[in-house]
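1. give me the fold of what follows.
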Amino acid sequence: MTCKRCGCDRQSVFNSEIAIHFRGLEGLDKPIVWVFPKVVVCLLCGFTQFTVPERELQVLEQCSPVKGAVILAERVARASGQVRIKSPSPGMND
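-> Sure thing, here's the model as predicted:
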């Protein structure tokens, strides 16, 4: 297999975790989509290829959660430059 960018045949496959964010300020109100693909990396130029699974691809297309997709739908709010951290529910770590 050769790199689609530079034609080099020095490529390796790695495990990965990738968080895909929607662009712009309006993207802050949309879910973060997590994917865990195998990535093929060219060891000469760094060009990387991977495939987004079908369910997560639907989230990207619809801009809303899809059953079974790995997403982060809630955000921690920022107020006055400080981050508010939610306390764990009582008995959660007992």
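2. and the nearest residue to residue 27 once chain neighbours are set aside, how many residues sit next to it?
-> In this structure, residue 27 finds its nearest non-sequential neighbour in residue 21, 5.8 Å apart by Cβ to Cβ, 6 or more residues apart in numbering. Yep, even glycine has a C-beta here, placed from its N, CA and C like the rest. Neighbours of residue 21 under the rule other Cβ atoms under 10 Å: 12.
3. check residue 50 too.
-> For residue 50, the number of neighbouring residues by other Cβ under 10 Å comes to 15.
4. got a list of what it touches?
-> Residues near residue 50 by Cβ atoms under 8 Å, 6 or more residues apart in numbering: 16, 18, 35, 37-40.
5. per-residue confidence for it?
-> Looking at residue 50, its pLDDT is 97.
6. return the backbone torsion pair for it.
-> phi -160, psi 170 (degrees, to the nearest 10).
7. sorry, back to before: tell me how far the residue nearest to residue 27 lies from residue 37.
-> Distance of residue 21 to residue 37, given as Cβ to Cβ, to the nearest Å: 16 Å.
8. cool, and residue 30?
-> 21 Å.
9. appreciated, that's everything.
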